[in-house]
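Peer 1: Next input, structure requested:
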Amino acid sequence: MDLMRELGSNLGTIRAPGIGLLYNELVKGIPAILGHFLTTLPAIHSMIIFVSIKYVPVPVVPQSE
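Peer 2: Model prediction:
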């Protein structure tokens, strides 16, 4: 997190109020698009939520669920 703060201040990135959602299919790690945002946009939201959905094939769901 400290690295991200340093990188943002070096690039002149400011924190804008609001919530940003970054969706990626990665289960671990930070999506590469965050680096793209930091290097190309002048501002990033004050709160960033990383969303990942992992699909698991379930052929049959029991009646109890």
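Peer 1: The strand or helix carrying L38 - contacts with which helices or strands?
Peer 2: Secondary-structure assignment from DSSP states H and E places L38 in helix 32-40. Counting contacts by 3 or more Cβ pairs under 8 Å, 6 or more residues apart in numbering; DSSP states H and E, helix 32-40 packs against helix 2-11, strand 43-51. C-beta: built from backbone N, CA, C; applies to glycine.
Peer 1: now the shortest one against helix 32-40, angle please.
Peer 2: For strand 43-51 against helix 32-40, the angle between stretch directions is 180 degrees (axes from the mean of the first three to the mean of the last three Cα atoms, to 10 degrees).
Peer 1: Would you confirm that L38 contacts T13?
Peer 2: Yes: using Cβ atoms under 8 Å, L38 and T13 qualify as a contacting pair, with a distance of 5.9 Å.
Peer 1: between the two, which one's more packed in?
Peer 2: T13 (19 against 15; other Cβ atoms under 10 Å).
Peer 1: okay, that one: pLDDT?
Peer 2: With respect to pLDDT, T13 scores 76.
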